[in-house]
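Colleague: sequence plus predicted model, see below.
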Amino acid sequence: MSKLLKTLPKFTNEHEERAFWKQEDSTEYLDWTTAKRVVLPNLKPSTKTISLRLPQHLLDSIKAAANSRDVPYQ
């Protein structure tokens, strides 16, 4: 027995849609039992280089911990 689902409203922009889903429950609009898993193999995490100033003793202990785990300290 499937329950009756509400119809999705038409959104004029992404901000309006985001505000809608912030206060609504998606199970009233979508049948999640028919959902399928999606694999996105080409996605790569974005990285950004930053600089940190650390006390020398902290950096030395980070390097020692990384060395014991056989990973780069960066």
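Modeller: Perfect, thanks for sending it. Numbering: from 1, shown residues only.

Colleague: in this structure, which spans are helices?
Modeller: 14-23, 56-69 (DSSP state H).

Colleague: between those, which one is nearest to Ser46?
Modeller: Closest to Ser46 of these, according to CB to CB: helix 14-23, at 19.9 Å. For the C-beta atoms, the positions are set from N, CA and C on the backbone; glycine is no exception.

Colleague: could the helices of the chain be laid out in TSV, adding distance to Leu8?
Modeller: Shown next, in TSV, are the helices of the chain (distance: least, CB to CB, whole Å):
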stretch	distance to Leu8
helix 14-23	9
helix 56-69	49
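
Colleague: just send those helices back as CSV, with mean neighbour count, mean pLDDT and distance to Leu40 too.
Modeller: Formatted as CSV, the helices of the chain follow (neighbours: other CB atoms under 10 Å; pLDDT from 0 to 100; distance: least, CB to CB, whole Å):
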stretch, mean neighbour count, mean pLDDT, distance to Leu40
helix 14-23, 10, 95, 20
helix 56-69, 11, 95, 30
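
Colleague: nearest to Thr33, of the ones you listed?
Modeller: Evaluated with CB to CB, those place helix 14-23 nearest to Thr33, the distance being 19.4 Å.

Colleague: now for that closest one, which elements pack on it?
Modeller: Helices and strands touching helix 14-23, as assessed by 3 or more CB pairs under 8 Å, 6 or more residues apart in numbering; DSSP states H and E, are absent.

Colleague: isn't Leu8 right up against Tyr29?
Modeller: Yes - Leu8 lies in contact with Tyr29 (CB atoms under 8 Å); the separation is 5.5 Å.

Colleague: tell me the contacts of the one residue sitting closest to the centre of the chain?
Modeller: Central residue of the chain (CA atoms, centre = their mean): Pro45, 10.0 Å from the mean position. Listed by CB atoms under 8 Å, 6 or more residues apart in numbering, Pro45 has no contact partners.

Colleague: would you mind measuring from it to Ala64?
Modeller: Counting by CB to CB, to the nearest Å, the gap from Pro45 to Ala64 is 27 Å.

Colleague: Lys22 too?
Modeller: Lys22 sits 46 Å away from Ala64, taking CB to CB as the criterion.
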